[in-house]
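Engineer: Test case, fold it:
(one chain, ligands or ions: 2)
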Amino acid sequence: MPVTMRAKPFLFPTFCKACGRCIEACPKDCIEMSTEIDPVTGLTPVVIDLEVCNACGLCFTACPEPHGLLPRPEGLGAGEVDPSVFFGPRPSTAPVPETIPDTRVPLPSFEPMVLKGTHASAVGALLAGCRHFFGYPITPSTEGAELMARLLPELDGFFVQAVSEVAAVNMIYGCGGAGLPSMTFTSSPGFSLMLEGISYMIGAEIPGVFVNVMRGGPGLGNIGPEQADIKLVCRGLGHGNTHAVVLAPSTPQEMLDLTMLAFELAFRYRNPVVLVGDGYLGQIMGRVELPCEMVRPGIPEWAVHGDETHRGNLLSSIQIAEADLEAHNVHLNDKYRRMIEREQRAELYRCDDADWLVVACNTPARMAKGAVESLRAQGASVGLFRPVTLWPFPSGDLLPLLDRARGLLVVEAGSGQLEDELRLALSHAGAPGTRIENLRRFGGMLPQGQDIVDKVIALAHGDPSCTAPSTTTSHATAMAPA
Ligand code: SF4
Ligand code: SF4
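Structural biologist: Ligands and ions are numbered 1, 2, ... in the order given. Got it, this is the predicted structure:
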């Protein structure tokens with residue numbers, strides 16, 4: 001009677017998940033974890049001592065991986081490592097994915113509306129073609145999410161209140177990976193929770209829009225308007241080499257316009273875009289005109305979409321091999337450089353002949369604009385420089401003004417984070433010697449127009465010791481955190 005030889009095991013290391021079940025199953029103790037990390041998976045696959053192995057086959061049964069431990073085929077050479085020997089060539093019959101372009105749909109003309117900032121942003125998102133919202137309510141951003149919850153079902157869209165901000169950002173990751181525009185409304189503590197997911201999105205080059213209606217901090221803080229997250233959105237979007245275009249509206253109209261722009265930029269650069277308002281801007285009502293067209297989104301060629309042409313795509317932020325990750329970072333840096341070159345935006349208000357420039361964004365820029373008007377009426381030569389992009393900081397617009405300006409007064413509802421961005425931008429631009437003064441309020445208190453006027457007059461008269469703010473009552477009252 002012929003003796004049938006049982007096959008000893010064989011393993012492609014890249015198909016081993018290092019679960020260790022085969023080690024427990026082996027009666028001969030001839031399987032152990034390798035000390036070498038597999039360069040493809042980043043795991044340590046098992047190694048088998050075939051001299052001791054008696055080909056009992058128990059490890060085949062124990063291995064949960066479909067392409068894990070297998071009976072070694074007869075005649076397989078020692079150096080044979082091509083999985084196609086076992087599994088055949090990978091079928092690749094899918095057509096090459098192509099971009100299905102966006103289409104622009106003309107809108108009829110509407111009378112201007114009066115909308116609050118968060119609602120204007122929600123309308124902007126819908127007009128940009130966003131039909132997927134994922135979020136977790138947090139004051140003072142919740143009204144934007146509420147409007148999306150009301151309107152998206154009417155538009156065959158999807159509104160998901162996630163169990164947390166961490167869940168929400170990962171839903172945006174998935175939706176953006178499918179090539180679909182999606183967004184959230186959140187506020188400072190909620191945005192902090194999303195940073196891990198945003199970092200992953202940047203790494204995997206996935207678009208998504210984050211509207212962060214900033215509130216007072218640190219910690220739970222309060223729900224008053226504070227520009228508390230400028231450092232976070234410009235410098236701290238998760239670990240590693242992360243940047244995103246940061247847009248800073250100052251009116252409800254801009255909340256709409258810049259939200260639409262945010263979607264356009266997110267898909268142009270395959271990157272998250274952050275729009276930062278403040279608690280006051282999210283709540284105030286203002287005149288808003290609708291655009292003359294809206295967007296019907298297509299599908300980018302890179303998307304992991306369910307249709308036939310996009311099914312073979314793969315998106316991931318993991319690059320195990322050092323050389324691969326370095327090359328990916330070089331690629332990201334090229335993208336950031338293009339953003340810096342092309343996406344700087346600023347409003348220059350009466351800056352041409354200004355001796356002093358007030359630098360402000362969001363709601364403080366509204367106070368600053370009134371102060372500039374008041375100072376001009378008194379004969380002072382003052383202008384407002386309003387960054388509309390906080391990253392990239394619009395130093396290209398600012399630098400030509402510094403030939404004339406005697407100094408800059410940074411007005412902010414916060415602890416100097418805008419001033420830090422300004423100083424960094426000037427330093428990078430080689431203009432670090434510019435005189436910079438500041439006027440700051442915190443905790444939901446806003447800089448007042450008269451404080452700005454007083455400070456500029458004092459500076460113009462050579463009295464930098466003027467330390468406005470005054471004790472004037474702020475628009476914002478301290479409110480309990482939600
Ligand atoms: S075939 Fe049996 S003896 Fe050989 S490695 Fe697997 S479990 Fe151990
Ligand atoms: S059971 Fe399979 S997947 Fe788990 S360690 Fe062993 S070979 Fe690897």
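
Engineer: What ranges in the protein fall below the confidence cut-off?
Structural biologist: Applying pLDDT under 70 to the chain flags residues 1-4, 76-94, 463-482.

Engineer: Tell me, how many residues neighbour the residue of the stretch 251-400 of the chain found nearest ligand 1?
Structural biologist: Relative to ligand 1, the nearest point of the stretch 251-400 of the chain is I320 (27.2 Å; CB to the nearest ligand atom). In short, each C-beta sits where N, CA and C put it, glycine included. Neighbours of I320 under the rule other CB atoms under 10 Å: 13.

Engineer: which one is it nearest to, not counting chain neighbours?
Structural biologist: G42 (4.5 Å; CB to CB, 6 or more residues apart in numbering).

Engineer: What helix or strand is the one you found located in?
Structural biologist: Using DSSP states H and E, G42 sits in no helix or strand.

Engineer: you'd agree it is up against Q319?
Structural biologist: No - counting by CB atoms under 8 Å, G42 sits too far from Q319 to count as a contact (10.0 Å).

Engineer: Looking only at neighbour counts, state which of those two leads.
Structural biologist: Comparing G42 with Q319 by other CB under 10 Å, the one with more neighbours is Q319, at 15 against 12.

Engineer: before we move on, the earlier item: report whether the expected contact of the residue of the stretch 251-400 of the chain closest to ligand 1 with T14 is present.
Structural biologist: No - applying CB under 8 Å as the test, I320 and T14 come out as separate, 10.9 Å apart.

Engineer: Give me every residue in this structure lying close to ligand 2.
Structural biologist: 11, 16-22, 45-46, 62-63, 65, 68-69 (CB under 6 Å from any ligand atom).

Engineer: Buried residues, stretch 361-379. List them.
Structural biologist: By neighbour count on 16 or more other CB atoms under 10 Å, the buried set for stretch 361-379 is 361-372, 374-375.

Engineer: Equivalent analysis for stretch 383-401, please.
Structural biologist: For stretch 383-401, by 16+ other CB under 10 Å, it's 383-395, 397-398, 401.

Engineer: Determine which two of those are furthest apart.
Structural biologist: G383 and W391 (22.7 Å; CB to CB).

Engineer: domains in this structure, as residue ranges please.
Structural biologist: Here the domain parsing of the chain from automatic domain parsing is 8-76, 108-342, 346-460.

Engineer: got the contact list for the longest helix along the chain?
Structural biologist: Criterion DSSP state H: the longest helix present in the chain is helix 322-342. With contact meaning CB atoms under 8 Å, 6 or more residues apart in numbering, helix 322-342 is reached by 202-203, 240-241, 243, 245, 269, 271, 319, 392.

Engineer: Of those, which belong to strands?
Structural biologist: Per DSSP state E, strands hold the following members of the contacts of helix 322-342: V245.

Engineer: So how do I select the buried members of the contacts of helix 322-342 in PyMOL?
Structural biologist: In PyMOL, this line selects whichever of the contacts of helix 322-342 come out buried by 16+ other CB under 10 Å:
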select buried, resi 202+203+241+243+245+269+271+392
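
Engineer: Adding distance to E301, write the contacts of helix 322-342 out as CSV.
Structural biologist: Below are those laid out as CSV (distance: CB to CB, whole Å):
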residue, distance to E301
I202, 20
G203, 20
G240, 26
N241, 25
H243, 24
V245, 22
Y269, 15
N271, 17
Q319, 21
P392, 27
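
Engineer: farthest pair in the contacts of helix 322-342?
Structural biologist: Q319 and P392 (25.2 Å).

Engineer: Can you tell me the SS state at N222?
Structural biologist: Of the three states, N222 takes coil according to DSSP: H, G, I helix; E, B strand; the rest coil.

Engineer: quick revisit: tell me the contacts of the residue of the stretch 251-400 of the chain closest to ligand 1?
Structural biologist: Contact analysis of I320 by CB under 8 Å, 6+ apart lists 39-42.

Engineer: Which residue ranges of the stretch 251-400 of the chain form strands?
Structural biologist: For the stretch 251-400 of the chain, the strands defined by DSSP state E, counting those that start in this stretch cover 272-278, 285-288, 293-296, 346-349, 356-359, 382-387, 389-391.

Engineer: which of these is buried the deepest?
Structural biologist: Among the strands of the stretch 251-400 of the chain, strand 272-278 has the highest mean neighbour count (mean count of other CB atoms under 10 Å), at a mean of 29.

Engineer: Which elements pack onto that strand?
Structural biologist: Where contact means 3 or more CB pairs under 8 Å, 6 or more residues apart in numbering; DSSP states H and E, strand 272-278 is packed against helix 117-127, helix 195-204, strand 208-214, helix 230-235, strand 245-247, helix 252-269, helix 362-377.

Engineer: Show me what the fifth one pairs with in its sheet, parallel or antiparallel.
Structural biologist: By that I understand strand 245-247. strand 272-278 (parallel), strand 389-391 (antiparallel) (DSSP bridges).

Engineer: Turn these into a markdown table, including distance to L107.
Structural biologist: What follows is the strands paired with strand 245-247, written out as a markdown table (distance: least, CB to CB, whole Å):
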| stretch | distance to L107 |
| --- | --- |
| strand 272-278 | 22 |
| strand 389-391 | 26 |
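
Engineer: most centrally placed residue in this structure?
Structural biologist: For the chain, the residue whose C-alpha lies nearest the mean C-alpha position (CA atoms, centre = their mean) is P272; its distance is 3.6 Å.

Engineer: isn't that residue right next to A244, touching?
Structural biologist: Yes - applying CB under 8 Å as the test, P272 and A244 come out as touching, 4.8 Å apart.

Engineer: anything in contact with each of the two?
Structural biologist: Common neighbours of P272 and A244 (criterion: CB under 8 Å, 6+ apart): 198, 202, 237.

Engineer: give the contact list for the first one.
Structural biologist: Contact analysis of I198 by CB under 8 Å, 6+ apart lists 169, 210, 237-238, 242, 244, 272.

Engineer: what number of residues lie near L151?
Structural biologist: Residues near L151, counting by other CB under 10 Å: 17.

Engineer: excluding its backbone neighbours, what's nearest it?
Structural biologist: Leaving aside its sequence neighbours, L151 sits nearest to L126 (CB to CB, 6+ apart; 6.3 Å).

Engineer: now do R435
Structural biologist: Spatial nearest neighbour of R435, excluding adjacent residues (CB to CB, 6+ apart): G407 at 3.6 Å.

Engineer: Next, find the distance separating M339 from Q227.
Structural biologist: Distance, M339 to Q227, by CB to CB, to the nearest Å: 21 Å.

Engineer: try P300
Structural biologist: For P300 relative to Q227 (CB to CB), the value is 33 Å.

Engineer: which one of these two has more residues nearby?
Structural biologist: For P300 versus Q227, neighbours defined as other CB under 10 Å are more numerous around Q227 (32 against 21).

Engineer: for the more buried one, what are its contacts?
Structural biologist: Contacts of Q227 (CB under 8 Å, 6+ apart): 214, 276, 278, 361-362, 364, 412-414, 417-418.

Engineer: Check L69 too.
Structural biologist: L69 neighbours (CB under 8 Å, 6+ apart): 9-11, 22, 59-60, 62-63.

Engineer: mind redoing it with 7 Å?
Structural biologist: 9, 11, 22, 59-60, 63 (CB atoms under 7 Å, 6 or more residues apart in numbering).

Engineer: Which pair in these has the greatest spatial separation?
Structural biologist: Checking those with CB to CB, the most distant pair is L11 and F60, at 10.3 Å.

Engineer: what about these two, which has more around it?
Structural biologist: A direct count of neighbours by other CB under 10 Å for L11 and F60 places L11 higher, at 21 against 16.
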